[in-house]
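In: After the sequence you'll find the predicted model.
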Amino acid sequence: MSTPETIATPAPARTAHHRRYLMCRPEHFTVSYTINPWMEPAKPTDTAKAVAQWQKLHDLYLELGHEVELIEPLAGYPDMVYTANGGFVIGGRAYVPEFRFVERQGEAPAFADWFRANGFDTVMPEEVNEGEGDFLLVGDVILAGTGFRSTGDSHREVGEVFGREVVSLNLIDPRFYHLDTAIAVLDPVQGVENGGPECANIAYLPGAFDDASRAILEERFPDAILVSDEDGAVFGLNSASDGYNVIISPRAVGFEKQLRERGYNPIMVDLSELLLGGGGIKCCTLELRGA
Ligand SMILES: CN(C)C(=N)NCCC[C@H](N)C(=O)O
């Protein structure tokens with residue numbers, strides 16, 4: 001009697017897409033205040049180590065063929081390294097942040113000046129929003145997080161600025177206070193009109209969302225990778241993908257395996273020092289989507 005054969009479904013072939021990123025060298029990095037549960041000013045920080053770890057991420061992007069722009073770090077703004085919060089950029093238009101906490105508010109004019117000086121159509125905000133920390137472009141749609149930082153009103157505003165559908169999602173766990181700690185966008189931006197997939201895929205941490213938001217994610221992304229609480233808790237989802245290479249924390253071992261099974265190429269970069277400020281790989285990376 002022959003035993004039934006299990007036929008493994010082959011992982012789809014993935015293609016890397018060129019990216020342009022904005023980063024900020026953490027020359028002034030330290031933890032001198034607490035605005036998220038990860039930050040403990042009493043714990044010592046090592047700025048040289050933060051710079052060395054950040055440099056590896058920066059150099060990896062260049063090795064992968066991506067472009068990296070730099071913004072000058074400002075003394076007194078140790079969180080400026082987390083450039084994902086410095087704006088949200090699509091089609092050459094930059095929507096500037098309005099930070100929730102006074103400790104970061106001085107960063108916004110510096111990001112606005114950088115966008116203007118580099119030819120972006122720069123839109124000043126009326127609503128509290130923390131840029132690509134809470135806004136993620138997935139296919140043609142903007143997923144927008146709220147609950148801790150960006151307000152619901154900023155979801156309306158970002159929709160008006162870019163003329164796109166916005167899907168609001170409620171974050172409920174203070175450890176995952178920005179959307180980019182709970183969702184990773186895996187596939188390149190390709191709308192149906194550009195010949196791309198109808199829906200680019202994501203990975204997410206179900207426990208970071210309320211029931212209603214989880215239901216939305218399940219319906220919109222039936223093929224999403226669901227990551228474990230263990231991988232979520234080490235900021236595994238705070239990653240950067242070019243559609244093939246996915247840069248993740250070396251601690252997210254389960255997520256690494258899930259990515260390989262789906263045909264992605266996970267590359268591990270350790271930003272343990274920057275985790276002391278409550279940020280990881282994605283937080284240090286703002287995508288500059290051109291016109
Ligand atoms: C992935 N995340 C959370 C980010 N997009 N940014 C990190 C910001 C960290 C900073 N200390 C703060 O609390 O604002």
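Out: Everything's here; your move.
In: Any residues of the stretch 151-291 of the chain in contact with the ligand? List them.
Out: Within the stretch 151-291 of the chain, the residues that sit near the ligand (CB under 6 Å from any ligand atom) are 178, 180-181, 238, 277-280, 282-283. Quick note: C-beta positions are derived from backbone N, CA and C, even for glycine.
In: For these, give me TSV that also has secondary structure, neighbour count and pLDDT.
Out: Shown next, in TSV, are these (DSSP: H, G, I helix; E, B strand; the rest coil; neighbours: other CB atoms under 10 Å; pLDDT from 0 to 100):
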residue	secondary structure	neighbour count	pLDDT
His178	coil	29	98
Asp180	helix	31	98
Thr181	helix	29	98
Asn238	coil	30	98
Gly277	coil	25	98
Gly278	coil	22	98
Gly279	coil	28	97
Gly280	coil	32	98
Lys282	helix	28	98
Cys283	helix	26	98
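In: Any chance of a markdown table for these, columns distance to His155?
Out: Output for those, formatted as a markdown table (distance: CB to CB, whole Å):
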| residue | distance to His155 |
| --- | --- |
| His178 | 14 |
| Asp180 | 15 |
| Thr181 | 18 |
| Asn238 | 21 |
| Gly277 | 26 |
| Gly278 | 22 |
| Gly279 | 22 |
| Gly280 | 24 |
| Lys282 | 19 |
| Cys283 | 20 |
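In: and which of those residues is nearest His18?
Out: Lys282 (17.9 Å; CB to CB).
In: so the closest one sits right up against Ala184, yeah?
Out: Yes. Between Lys282 and Ala184 there is a contact under CB atoms under 8 Å: 7.3 Å.
In: which residues are in contact with both of the two?
Out: Shared contacts of Lys282 and Ala184 (CB atoms under 8 Å, 6 or more residues apart in numbering): 237-239.
In: low-confidence ranges in the stretch 101-250 of the chain?
Out: Applying pLDDT under 70 to the stretch 101-250 of the chain flags the ranges 189-199.
In: count of neighbours near whichever residue of it sits closest to the ligand?
Out: Using CB to the nearest ligand atom, Gly133 is the residue of the stretch 101-250 of the chain that sits closest to the ligand, at 3.1 Å. Neighbour count for Gly133, taken as other CB atoms under 10 Å: 28.
In: which ones are touching the closest residue to it other than its chain neighbours?
Out: The spatially closest residue to Gly133, leaving aside those adjacent along the chain, is His178, at 3.7 Å (CB to CB, 6 or more residues apart in numbering). His178 is in contact with 84-85, 130, 133-134, 145, 148-149, 171, 283, counting by CB under 8 Å, 6+ apart.
In: Asn118 now?
Out: Counting by CB under 8 Å, 6+ apart, Asn118 touches Glu69.
In: And for Ala108?
Out: Ala108 makes contacts with 86, 96-99, as judged by CB under 8 Å, 6+ apart.
In: Ramachandran angles for it?
Out: According to degrees, to the nearest 10, the main-chain angles of Ala108 amount to phi -60, psi -50.
In: same deal with Asp46?
Out: Main-chain torsions, Asp46, degrees, to the nearest 10: phi -130, psi 100.
In: pretty sure it contacts Leu276?
Out: No. Look at Asp46 against Leu276 with CB under 8 Å: they stay out of range, at 9.1 Å.
In: The top helix by length along the chain and the ligand, any residue contact?
Out: Secondary structure assigned by DSSP state H gives helix 47-63 as the longest helix of the chain. No. On the criterion CB under 6 Å from any ligand atom, helix 47-63 is out of touch with the ligand, staying 12.4 Å away.
In: same for that helix, what does it pack against?
Out: strand 20-23, strand 67-70, helix 272-275 (3 or more CB pairs under 8 Å, 6 or more residues apart in numbering; DSSP states H and E).
In: right, and those - which one's nearest Pro206?
Out: Per CB to CB, nearest to Pro206 of the helices and strands packed on helix 47-63: helix 272-275, 22.0 Å.
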